[in-house]
Structures are given as structure tokens and as C-alpha cells.
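# Got a sequence here, can you model it:
(one chain, ligands or ions: 1)
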Amino acid sequence: MKYLIKNGRVIDPANKIDDILDILIWDGKIEKIGKLLSDKAQLIDAKGMIVAPGLVDMHTHLREPGREDEETILTGTLAAIKGGFTSVACMPNTEPPLDNPAIIRSLKDLIKKNAKANVFIIGSITEGRAGKRATDLHKMKKAGAVAVSDDGSSVDDEAVMLSALEQSREEALLIIGHCEDRKLSASGVMNHGFTATKLGLKGISSESEYERVKRDIELAKRASARIHIAHVSTKESVDIMRRARGEGVKVTAETAPHYLTLTEECCAAYDTYTKMNPPLRSEEDVEELKRGLKDGTIDAIATDHAPHTDSEKDVEFDFAPFGIIGLETALSLCAMELVEKKILSWPELITKMSVNPANILGIERGSLKAGSVADVVIIDPDKEYTYTKDSIVSRSKNSPFINWVLKGKVAKVFVGGRLASDSG
Ligand SMILES: [Zn+2]
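Sure thing, here's the model as predicted:
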């Protein structure tokens, strides 16, 4: 099918484009981009809309294999598309974990069969994600992993992390650090501080995150390797990364929409949909994360989409699993919290949600240049809607944003030139 998207505000930061232009899509690729194109293609009127490269989520839990009751490759990629993401990178804390080439290859087969969006695989840093022995990164990369992470846990053993980082440099395979010192976070369930004390809940200190950020950056420096820090939530972490970048350390970072929109106060009703790891922090942390996004210390916004069933979440706060879904709300939340409030411009937001994550992972996405794969999102920036539980496409419904009125809605999504979603 041939499509001609007309009159949209084309935002293609990778090619420094922000202009009213037309885009011709043909044979899965961007055929042409320019002014006043005409062609016998199916016309799509994008007047008043933003046309951008499909979003890339570098931190998604698809739960397959092992927890198909929470999410599958099919349902997770349908949720991704609904939220404007044409590519996701899936985390390895599945059951069993993605810690060897054979399981990565078999997951690739499943993706080929069931995925509706592009799925890139993140393997684990250590065998069984147990933190004891690094996996063979050469073989992991050959099997198709685009990065490695023990997400859900940090690699506590310094020697193991250092050897993984050395391998990572040799293989040019990125390590993504889940930065948490369990000795410090212990059995906490929400941010450490006055609110936790008031609620009678055990706290997770900021130190448990930023001390590990500091250590991982130090190890990366020693190994002359790159490191990417996942889901940054504290102001101290931002400060540490800012200084490290100033010294030339190759550190990149992401935060998630919920760390920009919610604070620890949201835990006051003991709603388990506000329980995540790292936890929701204080207002000052939120402000510093926004500064970090603005000044480039934080390169990317990723969802940390973490599906859990109602029966898992429908327990006391202390016992509920950590995490919320995020693919279907990320773009609207960021548009409202960052663009509307003039912290980022639209081109800057598209950079954080498409261009940078693609570049960090080294995948050929995030560009609308002629000849690129036609992964395109069309956004209606002014459209308001209520995010209802019934509307959720993900198999799990664990979102604290249910019944929020959101603004900035995905209208159409093309994946590889195919119209994958069309809601106006
Ligand atoms: Zn994590």
C-alpha cells in the first residue's frame, strides 16, 4: 500500500526538520519527504497534526516467556502501537530469563510470529540474572541481543560487573544498569521519608539508587565502557551523572513518565498502582529530573511498562509487586507535563522518545529520511480524552492514571509502512 501523508507538522529531529511537509510511504519505506507532493496514493490529511518517527521504548517488560497471564508479545506490542511506539526493547527478567543465545533465538521466532511492532531483545548481564557469572556477551550479541541488563536487580558483585563492562566494550554491546543497592533498599515499599513514616510503610532511600549509580559509573570509567542508567528517580543521581558527563564518561540515562508526573504523596491511599521500583519520590526529585531532561543529562524517556494482573496487585501495599503499565499513556503524560509546561519543545520530546533511545541502542530507527523504514506516528496534540480501564489494550490494567483526562493523542501509526493503528 502507498500512502501520502499531507499537510502535517513533520518533526524529524534526527534530520533537523520541523516544517509543514508531505511524506510519501511506499513499499515499507519513506519514499519521499517534501513540500506539496502529489501521487496516486491513499491520502492521509494530517493538518493540525504532528508527524514524527515512531516512538522507541527502550524499557518494556513483555513477560513472555513465562508470564503470559500478565502480558504477551502480541498484547504488549498492540499496547505499544496504541501509544505511538513502533519499537520496543524487551527486558530479560522473564521466566526463564533471557540469559543465553538459545532462548534469545527462540524468542526471536516468537516475535516474528506474534509481534505487531518491532521488538528488540535485551539479554541479561549474568547467568540466571543471579549476579554471579557474566553471560557470554559475544554470543548474546550474535544471537540478536541489542543490549544487556539484569533489570529488576543490580549486579552487586563489583568484579562481575567490571568484567561484564570490559566484555561490553570489546563487543560494543551496551550494558543497562538497574541501579539499586539492595542492602540499602532492603524491604522498603515506597520512598523513604516523612510520608512513608506517616503511612507506616517501610522506605526505600535515595542512597540505594544514587550510590549504585555512582559505583556503576566508576566501573564504566575503569573499563572505558559505555553505560546506560535505567529509570533514574532521584535528584542526586541526576547530579552524579551530570558531573560524570562533564568529565567525559560515556553515561546515558532514562527516566519514566511516572517519575515526572507523580510523587510519593500519591501513595497516601495505599493504592498498589502507585507502588513501583524505584519508588515515586519527592517534588524536588521531580523538578531535578525535569532539569536533567532539559539540559541533556537524561537522554531518554522510557516507560518501564511492567504489567501485573489484578489479582497480584489486589493485595496489601506491602505485598503487592512493584510496577505499572505505561505504553498507552507515556506520550500524553509527557506532552502534558513537559511540552504543555514548556520544559521541552515537541522536537525535544520526540528526540527523548524516539531518536535518542534508537541511537543509544544502536538500532536504525528514529528517522524519517528517505529510504528509512516507514515507522511513523501521527499525533493530534490538542485532542483530549479520558483514559479508561476499558480502553486498555495491554493484558494487565495496573495503571495509576486510569480516569485521568489526558491531552495529546496518537491518531495513526505506521509500522514498516503498514497502517497499524487508525483512531482518527
Ligand atoms: Zn529496573
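# okay, now the closest residue to Ile73 other than its chain neighbours: neighbour count?
Residue nearest to Ile73 in three dimensions, not counting chain neighbours: Asn114, with 4.5 Å by Cβ to Cβ, 6 or more residues apart in numbering. (Glycine included, C-beta is placed from N, CA and C.) When neighbours are defined as other Cβ atoms under 10 Å, Asn114 has 16 of them.
# same thing with Ala420?
By the criterion of other Cβ under 10 Å, Ala420 has 21 neighbours.
# Quick check: the gap between it and His308.
Noted for Ala420: a distance of 26 Å to His308, by Cβ to Cβ, to the nearest Å.
# ok, now Lys40?
Note on Lys40: its distance to His308, by Cβ to Cβ, is 48 Å.
# higher neighbour count, these two?
Neighbours were counted for Lys40 and for His308 using other Cβ under 10 Å; His308 has more, 26 against 7.
# hang on, isn't that one packed against Asn398?
Yes. The criterion here is Cβ atoms under 8 Å, and His308 meets it with Asn398 at 5.0 Å.
# shared neighbours of these two, anything?
Gly323 (Cβ atoms under 8 Å, 6 or more residues apart in numbering).
# my guess is Asn356 is in a helix, correct?
Yes. Assessed with DSSP: H, G, I helix; E, B strand; the rest coil, Asn356 lies in a helix.
# quick one, phi/psi of the nearest residue to Glu127 once chain neighbours are set aside?
Spatially, and ignoring its direct neighbours in sequence, Glu127 is nearest to Arg133 (4.8 Å; Cβ to Cβ, 6+ apart). Phi and psi for Arg133, reported as degrees, to the nearest 10, are phi -140, psi 130.
# Next, the contact list for Leu260, please.
Taking Cβ under 8 Å, 6+ apart, we find Leu260 in contact with Val286, Leu289, Lys290, Leu293, Ile301, Leu333, Cys334, Glu337, Leu338.
# Return the residues in contact with whichever residue of the stretch 101-250 of the chain sits closest to the ion.
Proximity of the stretch 101-250 of the chain to the ion (Cβ to the ion) peaks at His178, 3.7 Å away. For His178, the contacting residues are Ser149, Asp150, Asp151, Gly152, Ser153, Ser154, Ala230, His231, by Cβ under 8 Å, 6+ apart.
# could you redo these as JSON lines and give each row secondary structure and pLDDT?
Below are the contacts of His178 laid out as JSON lines (DSSP: H, G, I helix; E, B strand; the rest coil; pLDDT from 0 to 100):
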{"residue": "Ser149", "secondary structure": "strand", "pLDDT": "98"}
{"residue": "Asp150", "secondary structure": "coil", "pLDDT": "98"}
{"residue": "Asp151", "secondary structure": "coil", "pLDDT": "97"}
{"residue": "Gly152", "secondary structure": "coil", "pLDDT": "96"}
{"residue": "Ser153", "secondary structure": "coil", "pLDDT": "96"}
{"residue": "Ser154", "secondary structure": "coil", "pLDDT": "97"}
{"residue": "Ala230", "secondary structure": "coil", "pLDDT": "98"}
{"residue": "His231", "secondary structure": "coil", "pLDDT": "98"}
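# now, which of those sits nearest Gly128?
Distances from Gly128 to these, taken as Cβ to Cβ, are shortest for Asp150 (9.6 Å).
# Make sure the closest one is actually in contact with Gly123.
No. Here Asp150 lies out of contact with Gly123, judged by Cβ under 8 Å, at a distance of 9.9 Å.
# Could you report the pLDDT at the residue nearest to Val88 when sequence neighbours are not counted?
Leaving aside its chain neighbours, Val88 sits nearest to Thr60 (4.1 Å; criterion: Cβ to Cβ, 6+ apart). Looking at Thr60, its pLDDT reads 98.
# ditto for the one 10 residues further on
Model confidence at Glu70, given as pLDDT, is 98.
# The stretch 251-400 of the chain: strands as residue ranges?
251-255, 300-301, 376-386 (DSSP state E, counting those that start in this stretch).
# how does the chain divide into domains?
3-50+373-382+405-422, 54-361 (automatic domain parsing).
# of all those domains, which gets the most neighbours per residue?
domain 54-361 (a mean of 21; mean count of other Cβ atoms under 10 Å).
# Show me how far it is from its chain's centre.
7 Å (Cα atoms, centre = their mean, to the nearest Å).
# that older thread, which of the domains of the chain sits closest to Ile392?
With Cβ to Cβ as the criterion, Ile392 lies closest to domain 54-361 of these, at 6.4 Å.
# Identify the residue nearest the geometric centre of the chain.
Nearest to the mean C-alpha position of the chain, counting by Cα atoms, centre = their mean, stands Ala302 at 2.2 Å.
# From the ion, how far out is that residue?
10 Å (Cβ to the ion, to the nearest Å).
# That residue: what's it in contact with?
For Ala302, the contact set (Cβ under 8 Å, 6+ apart) comprises Asp57, Met58, His59, Thr60, Ala230, His231, Glu254, Thr255, Ala256, Pro357.
# which residue sits closest to it, ignoring its sequence neighbours?
Using Cβ to Cβ, 6+ apart, the nearest residue to Ala302 is His59, at 3.7 Å.
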